[in-house]
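Participant: no sequence for this one, just the structure:
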């Protein structure tokens, strides 16, 4: 039973560039949430996708956008990268958004 | 709005002693509460949840948590700590059984031999 997978593991980008992070949910799950975890802090909710639509969004600017595909996998896109976007980006999946979330190992994004 | 507070950045206990990691929450309506653990360079792993029912919830690896509605608390406990329990622990809350989770800033648990 495959868990949540994320790619890439690490990424280094320059300020102003764009980045795409990818997530495959746990087998049987259809809902994907994205979180940003800055160093020394808890995960901050970015948005959640269900049935290929953004169902809920946290307090993040429009530079952060996403997509969910028919196979339930998801992408997180960040445009015009800022130094402050450097963080661990976590993907979590559930079935219909219910109950506990299953997290992937994260993508470490460094913006220089 | 919903929020979580983990008042202790660090908890130190000796192996074999009981441990408690504290969490208080604020949410409108009935709370859905979760504990997760994070090991270095890893994602979060689910430990236990409170949705409804008994105030004492049992979870993975011998952990349990006590829900106290009047004190709006959901403290994580374990009767006998192991060195391998050393990790970063997060409490999370949401006001429905689906949707956005709000996490605390985490508590680092160190269990010394």
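Facilitator: On my side now, so go ahead. Just so it is clear, the model here is predicted, and its values are computed rather than measured. Residues are numbered from 1 along each chain as shown, chains lettered A, B, ... in the order given.
Participant: please identify the buried residues of the helix or strand of chain A with the lowest mean pLDDT?
Facilitator: When the helices and strands of chain A are scored by mean pLDDT, DSSP states H and E, strand A:98-103 comes last with a mean of 86. Across strand A:98-103, burial judged by 16 or more other Cβ atoms under 10 Å in any protein chain shown covers A:100, A:101, A:102, A:103. Just so you know, the C-beta spots here come from the backbone N, C-alpha and C atoms, and that holds for glycine as well.
Participant: can you give me the strands for chain B?
Facilitator: Assigned by DSSP state E, chain B shows strands spanning B:3-5, B:10-14, B:19-21, B:24-26, B:32-38, B:44-50, B:56-58, B:64-68, B:73-78, B:87-94, B:102-103, B:107-112.
Participant: now mean pLDDT and distance to chain A too, for those strands, in CSV please.
Facilitator: CSV is the format used below for the strands of chain B (pLDDT from 0 to 100; distance: least, Cβ to the nearest Cβ, whole Å):
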stretch, mean pLDDT, distance to chain A
strand B:3-5, 95, 8
strand B:10-14, 98, 12
strand B:19-21, 98, 13
strand B:24-26, 96, 13
strand B:32-38, 95, 6
strand B:44-50, 93, 4
strand B:56-58, 95, 12
strand B:64-68, 96, 13
strand B:73-78, 98, 14
strand B:87-94, 95, 5
strand B:102-103, 95, 4
strand B:107-112, 97, 10
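Participant: neighbouring strands - and their directions - for the strand of greatest length in chain A?
Facilitator: Assignment by DSSP E gives strand A:87-95 as the longest strand of chain A. If you go by DSSP bridges, strand A:87-95 pairs up with strand A:31-37 (antiparallel), strand A:98-103 (antiparallel), strand A:107-111 (antiparallel).
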